[in-house]
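Colleague: The following block contains a protein sequence and its predicted model.
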Amino acid sequence: MAGQLIAAEPNSKQEPEAIADARRFGADEGQLAELRLHLVGPAFAPVRVWRSNIEAVLAFVMAGTQWRTTLDLVGQSLRLRWIGLDYAGAKIGIEGSGLTLTPRLWTGLRIMEAAARDALNGDDPIS
């Protein structure tokens with residue numbers, strides 16, 4: 001039996017730090033719009049998750065603000081590069097939400113992190 005998670009768009013009026021940084025480094029409006037899409041994402045219908053994965057998905061959502069990123073200069077354009085989660089911040093967010101960070105949960109989180117990082121960076125999935 002599958003559990004259900006519903007993705008909600010954040011309700012924040014403050015510009016995300018990554019957007020402000022990109023603007024300071026000279027990103028144009030098109031690049032800022034693409035960055036916003038990566039940060040917020042499109043609105044999705046409810047997502048079905050296997051019961052055995054629900055805790056890992058919840059941990060990943062709780063750590064979702066803890067991404068480390070950098071900007072790469074590609075030609076004359078800036079490109080956001082997703083590096084991975086800041087594990088100290090992710091741990092605080094996960095444990096602060098009431099989840100216990102077990103080795104099994106950590107493994108699930110790392111698997112999701114790698115897949116998300118590759119997708120966000122536009123990299124080919126590992127075969």
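Modeller: Received it, and whenever you're ready, just let me know what you need.

Colleague: for this structure, which spans come out with low pLDDT?
Modeller: Scanning the chain for pLDDT under 70 picks out 1-14, 40-47, 124-127.

Colleague: in it, which helix has the most residues?
Modeller: Longest helix in the chain, counting residues (DSSP state H): helix 103-121.

Colleague: can you pull out the helices in the protein?
Modeller: 17-24, 29-40, 54-62, 87-96, 103-121.

Colleague: okay, the ones you listed in JSON lines with mean neighbour count next?
Modeller: In short, each C-beta sits where N, CA and C put it, glycine included. JSON lines is the format used below for these (neighbours: other Cβ atoms under 10 Å):
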{"stretch": "helix 17-24", "mean neighbour count": "14"}
{"stretch": "helix 29-40", "mean neighbour count": "14"}
{"stretch": "helix 54-62", "mean neighbour count": "19"}
{"stretch": "helix 87-96", "mean neighbour count": "16"}
{"stretch": "helix 103-121", "mean neighbour count": "15"}
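
Colleague: I'd like to know which of those helices is closest to residue 76.
Modeller: helix 29-40 (11.1 Å; Cβ to Cβ).

Colleague: that older thread, tell me what angle the longest helix of the chain forms with helix 54-62.
Modeller: In terms of direction (axes from the mean of the first three to the mean of the last three Cα atoms, to 10 degrees), helix 103-121 departs from helix 54-62 by 50 degrees.
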